[in-house]
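A.B. asks: Need coordinates for the following:
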Amino acid sequence: MTKSIFNIKSTKKPRQHLRNNMTEPEIIIWSYLKNSQSAATAIYEKAIDISKAI
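C.D. replies: Have a look, this model is predicted:
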């Protein structure tokens, strides 16, 4: 079994620090990604609504 690299307790504090203290470019990138993801969800939901109408 391979060791998981996610959620290692010894790296919790540094990860929290990095998340809570993002640079300006990181904030812009994450906000763009969040917005584009929600736009993709809206398109997908519209496609489902259209398929139900057919």
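
A.B. asks: Every contact and neighbour count from this point should use C-alpha atoms.
C.D. replies: Fine.

A.B. asks: for the chain, which spans come out with low pLDDT?
C.D. replies: Along the chain, the model assigns pLDDT under 70 to residues 1-2, 37-54.

A.B. asks: ranges for the helices of it?
C.D. replies: Counting by DSSP state H, the chain has helices at residues 12-20, 24-53.

A.B. asks: which of the residues in the shortest one are buried?
C.D. replies: It stands for helix 12-20. The neighbour-count check on helix 12-20 (16 or more other Cα atoms under 10 Å) flags nothing as buried.

A.B. asks: which other residues reach it?
C.D. replies: Residues from elsewhere that reach helix 12-20 (Cα atoms under 8 Å, 6 or more residues apart in numbering): none.

A.B. asks: Lys34: neighbouring residues, count only.
C.D. replies: 10 (other Cα atoms under 10 Å).

A.B. asks: Could you measure from it over to Gln16?
C.D. replies: 19 Å (Cα to Cα, to the nearest Å).

A.B. asks: again with Ser36
C.D. replies: Taking Cα to Cα, one finds Ser36 at 24 Å from Gln16.
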